[in-house]
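S.K.: Prediction below, plus the sequence it came from.
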Amino acid sequence: MIKDRLESWFPHPVLSVVLLICWLLLNNSFSAGHIVLGSVLSIIIPWFTSSFWPEKINIKNIKTFALFVVIVAYDIIVANLIVAKLILGSNDKLKPHFLEIQLDAKNDLTITLLASTISLTPGTVSSDLSMDKKTLLVHALHVEDIDKEIKTIKTRYEKPLMEVFES
């Protein structure tokens with residue numbers, strides 16, 4: 001009975017924690033007011049949106065997830081520097097390309113997080129997902145080696161996400 005009541009108030013506890021952390025970081029404040037407001041929002045938002053979520057989010061490997069977050073943060077910082085250098089240089093040196101990534105991921109959440117991660121990283125954007133959800137089309141600002149770029153995305157992003165969210 002208590003578990004049911006908790007689940008009704010916290011339908012997605014992981015999302016609630018992430019929302020609270022994001023709220024505090026975006027406001028750059030850990031004051032009592034921000035903690036209270038962030039807590040209220042982190043409870044209300046998942047509660048109101050729970051009907052849109054087809055399944056519960058289950059993190060199967062927290063260590064891999066934490067490492068994934070660190071890798072993505074590092075990649076975003078490095079990609080910002082690389083993109084800045086590329087766009088401040090000659091446009092003649094750019095080699096934009098569309099990459100077709102054959103997905104091993106089957107879970108909608110995993111595919112969504114993969115596409116979002118790619119789009120968060122400067123210089124790449126997820127453009128399309130095939131109807132059968134087996135191919136993700138990605139546009140990259142500068143690609144020297146297509147196969148290497150695809151392999152990097154699959155090993156740095158897709159594989160850890162599959163370990164965290166898929167059985």
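M.R.: Everything's here; your move.
S.K.: What is the neighbour count of the spatially closest residue to residue 156 that is not a sequence neighbour?
M.R.: Nearest in space to residue 156, with sequence neighbours left out and distances taken as C-beta to C-beta, 6 or more residues apart in numbering, is residue 71 at 6.0 Å. Any C-beta I mention is one placed from the backbone N, CA and C, and that applies to glycine too. The tally of other residues near residue 71 (other C-beta atoms under 10 Å) stands at 14.
S.K.: Could you do residue 119 as well?
M.R.: 14.
S.K.: Equivalent analysis for the one 5 residues further on, please.
M.R.: A count of neighbours around residue 124, defined by other C-beta under 10 Å, yields 22.
S.K.: distance of it from residue 17?
M.R.: The gap separating residue 124 from residue 17 is 28 Å, by C-beta to C-beta, to the nearest Å.
S.K.: Longest helix of this structure, counting residues only.
M.R.: helix 62-88 (DSSP state H).
S.K.: Low-confidence stretches in the protein?
M.R.: Counting by pLDDT under 70, the chain contains low-confidence ranges at 1-10, 54-55, 167.
S.K.: And the helices in it?
M.R.: Under DSSP H, the chain gives helices at 2-9, 13-27, 32-49, 62-88, 108-120, 146-153, 159-165.
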